[in-house]
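S.K.: Mind looking at a prediction? Sequence and model below.
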Amino acid sequence: MTSGDGVIRTLAALRKEAAKLPTRRVVVAAATGAETLKAAVLARAGRFADPILVGPPADIREGLAALDADPGGFEIVPAGDSGEAAALSVALVRDGTADILLKGAISTSSLMRAVLEPERGLRSEGLLSDVFIFDFGAGPEPRIVGITDGGVIPRPTLDQKEQILLNAVRTFHALGISQPKVALLAAVETVTAAFPSTGEAAELAVRFRDAGLTDFQADGPLAVDLALSAEAAALKGYESPVAGAADVLLFPDLESANMAAKSVEYVASLEPAHCILGARAPILIPSRSETAAARLSSIAFGALLSV
C-alpha cells in the first residue's frame, strides 16, 4: 500500500508508483530466457519501462513469440556473445540511450566487468553496493525492509560500510521514508572480541551519532531478532529507536547478507527487488533463478531510483 503520507510500504505499491513515472528505458544484456523476456514484456505492458533487448536476434524473437508478444514491438540490438552483449548494453547506458541496466542470461561477474571497465564503464565517484528489498508483514502495518550489501563488496572496510549504508538510505528516501532506521547487524548485541563485527557496528553507530545526521537513525550492534521484532527487544530489555523497527539491515559482509537475502526469497518465499547503486545508473542483477515477477519489481525499483 501507499500511505497518505506518500510512503511506499509494499512492492505492489512500488510497481504502481513506477507506472506513474515517465517511462524509463531499460537495456537487457543477453536478453534470452523465458523469465527475462517475460519480465521485459510485463514491464512494457505496465508502462514503466521500455526495454532494449541486446543479444542474438533470432533467439530473442523466438522467445518473445513463445510468450505471444510481437517481436516487432521491441527494439533488438544484435550481439553475438555475452561479452559483446554486456559491452553494448553498458555503452547504451553510458551514452544516455538507456536509463537502467538489467542482467539477462549472463553471469553477474561478466556484466560487472563491463560496468567497471575504466574507460567505457559506468563507474562514478560513489561506491557500488546492492540493496535487496522485500515485503515485511510483521508489526502494526506492512513495510519494506532492505538487506545490504549482498552483491558487490565481499568484506567491506568500516569506511565502505558507511558508504554502503548511505546508498541504502538513499533508496529508502526514494521510497518516501524521510528518516529510515538502520540496524548495524552482528550475531549478538554486545561488543565482544569473538565477533569482530560487533566492534565495527558499535564504532559505526558512534560515528553516525557524533555526526549529528538527521536523515536516518542507526544503531548497533543488533542481532536480527532485535532489529525486526519489538517483542524480542522488549523481552531482552533492549531499548533503541531502531529495535523492532529497522528499515535497513546492514550486514557485516557480503556472505551473510547474500545468505539472508536468499533465505528471504527461497525459505520465506517472498519475491524481492534489488538494485546496485553508486554507478551512473541503476544496475539490476537478478539471480538466474528469479521469477519474472521478481525481475519486474526490480525494474520498478530501478525506475524509481533513476528519476
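M.R.: All right, it came through fine.
S.K.: so where do the strands sit in the stretch 51-200 of the chain?
M.R.: Secondary structure of the stretch 51-200 of the chain (DSSP state E, counting those that start in this stretch): strands at 75-78, 100-103, 129-136, 143-148, 181-185.
S.K.: Kindly report the same for the stretch 201-307 of the chain.
M.R.: 217-222, 248-250, 273-277, 283-284.
S.K.: Kindly present these as JSON lines, with separate columns for mean neighbour count.
M.R.: Yep, even glycine has a C-beta here, placed from its N, CA and C like the rest. Below are the strands of the stretch 201-307 of the chain laid out as JSON lines (neighbours: other C-beta atoms under 10 Å):
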{"stretch": "strand 217-222", "mean neighbour count": "26"}
{"stretch": "strand 248-250", "mean neighbour count": "26"}
{"stretch": "strand 273-277", "mean neighbour count": "27"}
{"stretch": "strand 283-284", "mean neighbour count": "26"}
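S.K.: Tell me which of the ones you listed approaches residue 82 most closely.
M.R.: Nearest to residue 82 among these is strand 283-284; the distance by C-beta to C-beta comes to 15.8 Å.
S.K.: Spell out which residues make up each domain of the protein.
M.R.: Domain segmentation of the chain under automatic domain parsing yields 11-124+279-305, 131-266.
S.K.: that older thread, what's the closest of the strands of the stretch 201-307 of the chain to residue 164?
M.R.: Among these, if distance is taken as C-beta to C-beta, the winner is strand 248-250, at 6.7 Å.
S.K.: in its sheet, what does the closest one sit against?
M.R.: In the sheet, strand 248-250 lines up against strand 143-148 (parallel), strand 181-185 (parallel) (DSSP bridges).
S.K.: picking up where we left off before, for the domains of the chain, could you give me JSON lines that also reports distance to residue 5 and mean pLDDT?
M.R.: JSON lines is the format used below for the domains of the chain (distance: least, C-beta to C-beta, whole Å; pLDDT from 0 to 100):
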{"stretch": "domain 11-124+279-305", "distance to residue 5": "13", "mean pLDDT": "95"}
{"stretch": "domain 131-266", "distance to residue 5": "7", "mean pLDDT": "94"}
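S.K.: now the ones you listed as TSV including distance to residue 273?
M.R.: Shown next, in TSV, are those (distance: least, C-beta to C-beta, whole Å):
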stretch	distance to residue 273
domain 11-124+279-305	4
domain 131-266	5
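S.K.: For residue 272, which of those is the nearest?
M.R.: Among the domains of the chain, domain 131-266 sits nearest to residue 272 (C-beta to C-beta), with 4.5 Å.
S.K.: Could you work out the end-to-end span of the closest one for me?
M.R.: 17 Å (C-alpha to C-alpha, to the nearest Å).
S.K.: Go ahead and measure how far that domain is from the middle of the chain.
M.R.: 15 Å (C-alpha atoms, centre = their mean, to the nearest Å).
S.K.: before we move on, what about stretch 14-32?
M.R.: Distance, centroid of stretch 14-32 to centroid of chain: 14 Å (C-alpha atoms, centre = their mean).
S.K.: Could you check it and say which residues are buried?
M.R.: 14-18, 23-32 (16 or more other C-beta atoms under 10 Å).
S.K.: can you check stretch 130-146 too?
M.R.: Neighbour-count burial for stretch 130-146, counted by 16+ other C-beta under 10 Å, picks out 130, 131, 132, 133, 134, 135, 136, 143, 144, 145, 146.
S.K.: next one: stretch 167-183
M.R.: 167-172, 174-177, 180-183.
S.K.: for stretch 260-267, same thing?
M.R.: Within stretch 260-267, the residues scored as buried using 16+ other C-beta under 10 Å are 260, 261, 264, 265.
S.K.: Narrow these to those in helices?
M.R.: Mapping the buried residues of stretch 260-267 onto helices (DSSP state H) picks out 260, 261, 264, 265.
S.K.: how about the third one, what does it touch?
M.R.: Contact partners of residue 264, counting by C-beta atoms under 8 Å, 6 or more residues apart in numbering, are 132, 134, 147, 270, 272.
S.K.: ok, now residue 77?
M.R.: Taking C-beta under 8 Å, 6+ apart, we find residue 77 in contact with 27, 52, 53, 54, 55, 88, 92.
S.K.: Also residue 151?
M.R.: 108, 129, 130, 132, 254, 258, 274, 276, 285 are the contacts of residue 151 under C-beta under 8 Å, 6+ apart.
S.K.: Next, it: phi, psi?
M.R.: Per-residue torsions, residue 151: phi -140, psi -10 (degrees, to the nearest 10).
S.K.: try residue 126
M.R.: Main-chain dihedrals, residue 126, degrees, to the nearest 10: phi -80, psi 160.
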